[in-house]
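>>> here is my input; please provide its structure:
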Amino acid sequence: MFLGTHSPRLDDKGRLFLPAKYREELSGGLVITKGQERCLYVFPMAEFQRITEALRAAPVTEKAVRAYSRVFFASASDEIPDKQGRITIPQPLRTYAGLAKECTVIGANTRLEIWDAKSWETYLEQEEQVFSDVSEEVLPGIL
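The predicted structure follows:
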């Protein structure tokens, strides 16, 4: 499970230090791909394989499934962190997420998300009130 918020910087070669608390879980490999709201998703390899199986079972006859799968897999990059815990984020993914230097990495349960720091601040400002106002519609009977 990935939790918390971290503020690493992207270096000139497009590399990012993974937060230390996540490095062991991701040391065997990970997949970076496009996420919603112009962030990047980072999945441990096992979680990416689970998602792959679920999408494989989805009906290819549905246009939304085909479109989502195409973008999701075409933009995916499998990476192995170096000995210092850095990963290289390919230029097309950096462009998609608007990553330049200041980044925010958030834990999002089964994945990490990488955001441009300003984009994350803007998103959080917009969504915190919505979060505060949510009642049982999101998780009925849970919270």
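>>> which element is residue 24 on?
Residue 24 belongs to helix 20-26 when assigned by DSSP states H and E.
>>> quick one, longest helix in the protein?
Secondary structure of the chain per DSSP state H: the longest helix is helix 117-133.
>>> what residues sit buried inside the helix holding residue 24?
22, 26 (16 or more other C-beta atoms under 10 Å). C-beta here means a position set from N, CA and C on the backbone, and glycine is covered the same way.
>>> got a list of contacts for the helix or strand following that helix?
Once helix 20-26 ends, the next helix or strand along the chain (criterion: DSSP H and E) is strand 30-34. The contact list for strand 30-34 (C-beta atoms under 8 Å, 6 or more residues apart in numbering) reads 40-45, 48, 71-73, 75-81, 87, 89-90, 93, 96-97, 114.
>>> what strands line up against the next helix or strand after strand 30-34, and which way round?
Sequence-wise, the next helix or strand downstream of strand 30-34 (DSSP H and E) is strand 40-44. With DSSP bridges as the test, strand 40-44 is paired with strand 30-34 (antiparallel), strand 111-116 (antiparallel).
>>> mind checking how far the shortest one is from the chain centre?
Averaging C-alpha positions (C-alpha atoms, centre = their mean, to the nearest Å) puts strand 30-34 7 Å from its chain's average.
>>> do the same with stretch 7-16
Offset of stretch 7-16 from its chain centre (C-alpha atoms, centre = their mean): 16 Å.
>>> what about it, start to end distance?
The straight-line separation of the ends of stretch 7-16 (C-alpha to C-alpha, to the nearest Å) is 10 Å.
>>> okay, buried residues for that stretch please.
8, 10, 15, 16.
>>> please look at the first one and residue 103 and confirm they touch.
Yes. Shown here, residue 8 and residue 103 form a contact pair, counting by C-beta atoms under 8 Å, at 5.6 Å.
>>> neighbours of the closest residue in space to residue 75 that isn't next to it in sequence, how many?
Closest residue to residue 75 in three dimensions, ignoring its sequence neighbours and counting by C-beta to C-beta, 6 or more residues apart in numbering: residue 34, at 4.4 Å. Using other C-beta atoms under 10 Å, residue 34 is surrounded by 17 other residues.
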